[in-house]
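Participant: Here is the input, now give the coordinates:
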Amino acid sequence: WTMSRPLAPQYSLGNHSISTSCCLLFPLVFAGNEDGSVVVWDLREPISMHESCDRSCDTGGLRIPTYTTAALGWQSGHCEPIISLTSSSITTHDEANWQEHAVKGLSFQFLSIDSSGNVCVWIVVEIPEGDPAGSETDHGLVPGGKIKLIPSTSFSIFKPELLSIQISSLCVDGVNTNTLLIGTDMGNIL
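Facilitator: Numbers count the residues shown, from 1 in each chain. Purely as a prediction, here's the structure:
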């Protein structure tokens with residue numbers, strides 16, 4: 001939604017699964033899903049790359065994800081619902097920043113945590129040109145898409161003494177990006 005057009009959404013985003021978490025790093029929107037997959041939409045893509053929706057949706061079409069980790073299967077690192085998503089970068093991801101780095105190809109780290117305590121670190125990469133025919137090797141990338149997620153590493157935060165805790169959020173410390181803050185259902189931060 002936008003304040004200049006409050007009666008209709010600016011973008012309509014479709015997903016193959018039920019979204020359980022969301023993160024906006026303009027012009028990218030990330031969603032963690034109930035099936036453990038992570039998807040990303042690149043809002044700079046022309047609407048012609050996406051499915052059409054009924055005309056009551058004033059946005060011109062329903063955008064499918066630019067990239068989904070569902071195609072990675074077990075290699076995606078998650079088999080449980082995604083609880084939280086966050087960027088490990090402390091820089092802002094505004095439109096000017098994206099335009100400045102567009103020629104170089106912007107990349108940054110992105111984290112996801114699922115309900116079993118598994119944290120996955122992804123590298124978000126902007127490729128120079130999308131292939132309108134699609135990728136023969138990367139089935140998660142939509143034809144013409146330029147943003148992809150590359151699995152970097154994963155680890156579990158749970159130890160036997162923490163098994164009764166439920167995770168509610170994940171955040172990267174703004175001062176030390178090597179420190180993760182994990183919120184729990186008990187109001188604690190790990």
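Participant: CA atoms only for stretch 37-45, dumped as CSV, please.
Facilitator: Provided in CSV are the C-alpha atoms of stretch 37-45 (Å, rounded to 0.1, in the frame of the first residue of the first chain):
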residue,chain,number,x,y,z
SER,A,37,10.9,-22.3,2.1
VAL,A,38,12.0,-18.6,1.7
VAL,A,39,10.8,-16.5,-1.2
VAL,A,40,11.8,-13.1,-2.5
TRP,A,41,10.0,-10.6,-4.7
ASP,A,42,11.9,-8.0,-6.7
LEU,A,43,9.5,-5.0,-6.9
ARG,A,44,11.6,-3.5,-9.7
GLU,A,45,10.5,-6.2,-12.2
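Participant: Any buried residues in that stretch, and which?
Facilitator: Within stretch 37-45, the residues that qualify as buried are Ser37, Val38, Val39, Val40, Trp41, Asp42, Arg44, Glu45, counting by 16 or more other Cβ atoms under 10 Å. All C-beta spots, glycine's among them, are computed from the backbone N, C-alpha and C.
Participant: after the helix or strand of the chain with the lowest mean pLDDT, next one along is what?
Facilitator: Every helix and strand in the chain was compared by mean pLDDT, DSSP states H and E; the lowest is helix 95-101, with a mean of 52. Sequence-wise, the next helix or strand downstream of helix 95-101 (DSSP states H and E) is strand 107-114.
Participant: Tell me which residue is most central in this structure.
Facilitator: Residue closest to the average C-alpha location in the chain (Cα atoms, centre = their mean): Phe30, at 2.6 Å.
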